[in-house]
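Novice: pasting the structure only:
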């Protein structure tokens, strides 16, 4: 079993920054890609960013490219999402997720590629 615990969400003014963290336990974190997804109020869950098991490759959604950065520290079993220049449309519950396949070359962007999910952390951006 894998446990993923997100933290770092909160209320921030537009233009501000937050860093989300996702701490993983229960299996070999360093061999799996990790992803961040979000679910805005009343909308479907959407892809935000993903990082390969080694950290050498990332995928980032166009809507956040240039503002959000995903990174990981395999020594700490933690993946991060640095969010800069936040906009009200970034308001959502943010989830981290762990890939279902070990050492995948390209970090996946679809939710059904991920098998474990955290409980989510709320990010609210005021205008």
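Specialist: Perfect, I can see it now. All figures in this text were calculated on a predicted structure; none of them were measured in a lab.
Novice: Determine the three-state secondary structure at residue 30.
Specialist: What DSSP: H, G, I helix; E, B strand; the rest coil gives for residue 30 is helix.
Novice: Would you agree it is in contact with residue 53?
Specialist: Yes: using C-beta atoms under 8 Å, residue 30 is in contact with residue 53, at 6.4 Å. Backbone N, C-alpha and C define where each C-beta goes, glycine included.
Novice: which one of these two has more residues nearby?
Specialist: Set side by side, residue 30 and residue 53 show more neighbours around residue 53, with 22 against 16, by other C-beta atoms under 10 Å.
Novice: who are the neighbours in contact with that one?
Specialist: Applying C-beta atoms under 8 Å, 6 or more residues apart in numbering, we find residue 53 in contact with 30-33, 99, 102-104.
Novice: mind listing what residue 94 touches?
Specialist: Residues in contact with residue 94 (C-beta under 8 Å, 6+ apart) are 6, 9, 20, 36-38, 48, 81, 120-123.
Novice: what does the host helix or strand of residue 116 rub up against?
Specialist: According to DSSP states H and E, residue 116 maps onto strand 114-117. For strand 114-117, the external contacting residues (C-beta under 8 Å, 6+ apart) are 2, 4, 35, 95-100, 108.
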